[in-house]
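**Q** just need the structure, nothing else, for what follows:
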Amino acid sequence: MPGSLVLVAGEPGIGKSTLLLQVAEAISQLSGTVLLVSGEESVYQLKNRARRLKVSSPNLFFMAETDLDVIEEEAKKLSPCLLIVDSIQTMYTPEANSSPGSILQVRESALRLMRLAKEEGLTTIIIGHVTKEGSIAGPRILEHLVDTVVYFEGERERGHRVLRVVKNRFGSTNEVGIFQMRSQGLVQVDNPSAVFLSERSREVSGSAIMPTLTGNRPILVEIQALAVPSSLSVPRRSCNGVEYSRVLLTIAVLERRVGLNLKDLDIYLNVAGGLRIVEPAADLPIAISVASSFLDFCVDPTTAILGEVGLGGEIRTVQSVAERVREAQSLGFKKVMLPYYKNWDFEDREVEGIEMIKVRSLRQALDVVRS
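**A** Numbers count the residues shown, from 1 in each chain. Next up is the predicted model:
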């Protein structure tokens with residue numbers, strides 16, 4: 001939206017600058033002049049990055065500057081349709097008597113850019129660096145100031161990135177973008193499910209496939225678990241890509257309601273591909289993968305699993321089941337294990353080529369996958 005202020009946040013090195021350079025190239029070819037200001041790289045470095053990404057639009061201008069007085073003067077003179085500032089932690093305004101990167105400087109710099117955006121009708125994107133805990137000064141204190149907050153997530157060691165909108169005054173927050181980092185920059189992933197499952201091992205314990213939702217988009221991912229005897233007085237619980245608290249809850253239910261003795265084991269959970277899952281529908285596949293590793297059995301590789309696990313061991317309903325089932329069906333899965341519910345929108349209709357296994361409890365689900 002013209003005059004809007006957008007915050008793009010993520011860990012250092014995740015690819016935010018690459019993403020915004022590609023955005024700047026696309027916008028400059030379609031809509032007019034774009035000014036990209038960097039406080040972290042020189043103009044020479046920006047041009048080298050642009051050359052590597054094959055960015056060559058004549059309407060794209062680079063500027064290496066941290067002083068907001070100079071940036072504001074140049075923006076008013078150039079009148080671009082889009083201003084990109086990389087990053088807000090490096091910007092400096094004399095109005096704030098503190099060093100760049102401090103909370104005061106970050107807030108005052110963002111307020112000044114917001115005034116510029118509103119007064120000039122200039123769409124402005126600012127980049128903010130955060131740690132996994134969001135502890136670096138910047139994005140957490142800016143979220144209430146900006147119109148849109150976008151998080152760019154993923155593991156730097158892996159190729160996949162997820163662009164997730166968490167606040168948007170002018171549109172939906174339900175959509176996500178999934179990209180792959182390559183030598184020529186970020187490339188859209190057309191079929192994320194196939195990519196995330198391409199390297200899975202079909203004949204190994206501790207693996208369960210889950211249709212998760214990223215925004216409104218269903219994606220099949222592999223949840224891996226490893227349960228091994230612990231040499232520590234307090235066994236280790238390690239989670240990568242899933243919520244730590246939900247994993248502890250699920251392990252407790254497995255011990256209490258199913259009778260699995262997990263108290264002396266180190267348990268490791270991982271979502272293959274670097275995706276993060278924060279929805280309750282991951283409970284059942286997490287439980288199945290942990291039990292599979294502990295009891296050393298393999299889950300049918302043609303079965304997808306989803307469902308929330310209650311503290312009583314019951315399996316509760318989740319949202320958007322029909323979309324998840326269709327995604328599993330499109331990738332050749334033959335079965336979907338899901339919560340028992342009388343009012344699914346496909347309850348009385350046959351879904352061609354896929355069997356729906358409806359379970360009421362965690363114990364029943366384990367009996368099914370082991371049979």
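
**Q** any idea how far residue 8 lies from residue 229?
**A** 44 Å (CB to CB, to the nearest Å). For the C-beta atoms, the positions are set from N, CA and C on the backbone; glycine is no exception.

**Q** neighbour count winner among those two?
**A** residue 8 (25 against 8; other CB atoms under 10 Å).

**Q** by average pLDDT, which secondary structure element in the chain comes out worst?
**A** Ranking every helix and strand in the chain by mean pLDDT, DSSP states H and E puts helix 139-142 at the bottom, with a mean of 78.

**Q** what does that helix rub up against?
**A** By CB atoms under 8 Å, 6 or more residues apart in numbering, the residues outside helix 139-142 that reach it are 7, 9, 88, 103, 106-107, 110, 126, 128-130, 134, 149.

**Q** element containing the residue lying farthest from the centre of the chain?
**A** Relative to the centre of the chain, the most outlying C-alpha is that of residue 77, 37.6 Å out, by CA atoms, centre = their mean. For residue 77, the element it lies in under DSSP states H and E is helix 68-78.

**Q** go on, residue 20?
**A** helix 16-30.

**Q** first-to-last residue distance for stretch 27-46?
**A** 17 Å (CA to CA, to the nearest Å).

**Q** which secondary structure elements does the host helix or strand of residue 106 contact?
**A** Using DSSP H and E, the element containing residue 106 is helix 103-120. For helix 103-120, the elements it packs on are strand 5-10, helix 68-78, strand 82-86, strand 123-129, helix 139-142, judged by 3 or more CB pairs under 8 Å, 6 or more residues apart in numbering; DSSP states H and E.

**Q** try it again with 6 Å
**A** Packing contacts for helix 103-120, counted by 3 or more CB pairs under 6 Å, 6 or more residues apart in numbering; DSSP states H and E, involve helix 68-78.

**Q** now do the helix it packs on against strand 82-86, angle only.
**A** Orientation check (axes from the mean of the first three to the mean of the last three CA atoms, to 10 degrees): helix 68-78 against strand 82-86 gives 160 degrees.

**Q** I'd like the average pLDDT over helix 68-78.
**A** Across helix 68-78, pLDDT averages out at 96.

**Q** contacts for that helix?
**A** With contacts defined as CB atoms under 6 Å, 6 or more residues apart in numbering, helix 68-78 is touched by 35, 37, 65, 83, 91, 93, 109, 112, 116.

**Q** and what of stretch 187-204?
**A** With contact meaning CB under 6 Å, 6+ apart, stretch 187-204 is reached by 178, 179, 180, 219, 220, 221, 222, 273, 298, 301, 331.

**Q** tell me how far residue 283 lies from residue 331.
**A** Taken as CB to CB, the span from residue 283 to residue 331 is 22 Å.

**Q** kindly report the same for residue 316.
**A** 25 Å.

**Q** do residue 142 as well
**A** Separation of residue 142 from residue 331 (CB to CB) stands at 39 Å.

**Q** helices and strands around the helix holding residue 20, which ones?
**A** Secondary elements touching helix 16-30 (3+ CB pairs under 6 Å, 6+ apart): strand 34-38, strand 82-86, strand 185-188.

**Q** let's go with 7 Å and repeat that
**A** strand 5-10, strand 34-38, strand 60-64, strand 82-86, strand 123-129, strand 185-188 (3 or more CB pairs under 7 Å, 6 or more residues apart in numbering; DSSP states H and E).

**Q** tabulate those (TSV), appending distance to residue 204 and mean pLDDT.
**A** TSV is the format used below for the helices and strands packed on helix 16-30 (distance: least, CB to CB, whole Å; pLDDT from 0 to 100):
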stretch	distance to residue 204	mean pLDDT
strand 5-10	32	94
strand 34-38	46	97
strand 60-64	48	96
strand 82-86	43	97
strand 123-129	38	95
strand 185-188	30	92
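
**Q** buried ones in the longest strand seen in the chain?
**A** Longest strand in the chain by number of residues, with DSSP state E as the criterion: strand 217-229. Neighbour counts over strand 217-229 (16 or more other CB atoms under 10 Å) mark 217, 218, 219, 220, 221, 222, 223, 224, 225, 226, 227 as buried.

**Q** pretty sure the second one sits against residue 211.
**A** The one in question is residue 218. Yes: with contact defined as CB atoms under 7 Å, residue 218 reaches residue 211; the gap is 5.2 Å.

**Q** report the set of residues contacting both of those two.
**A** Listed as contacting both residue 218 and residue 211 by CB atoms under 7 Å, 6 or more residues apart in numbering are 324, 327.

**Q** need the three-state assignment for residue 32.
**A** coil (DSSP: H, G, I helix; E, B strand; the rest coil).

**Q** what's the longest strand of the chain in contact with?
**A** By CB under 7 Å, 6+ apart, the list of residues contacting strand 217-229 from outside reads 176, 192-193, 196-197, 200, 206-212, 262, 264-273, 275, 282, 285-286, 289-290, 292-294, 304, 323-324, 327-328, 331.

**Q** give the pairing partners of that strand; include direction for each.
**A** strand 207-214 (antiparallel), strand 265-271 (antiparallel) (DSSP bridges).

**Q** give me the contacts around the longest one.
**A** I take that to be strand 207-214. Under CB under 7 Å, 6+ apart, the answer for strand 207-214 is 162, 176, 200-201, 218-224, 277, 279, 281-282, 285, 288-289, 292, 299, 304-306, 320, 324, 327-328.
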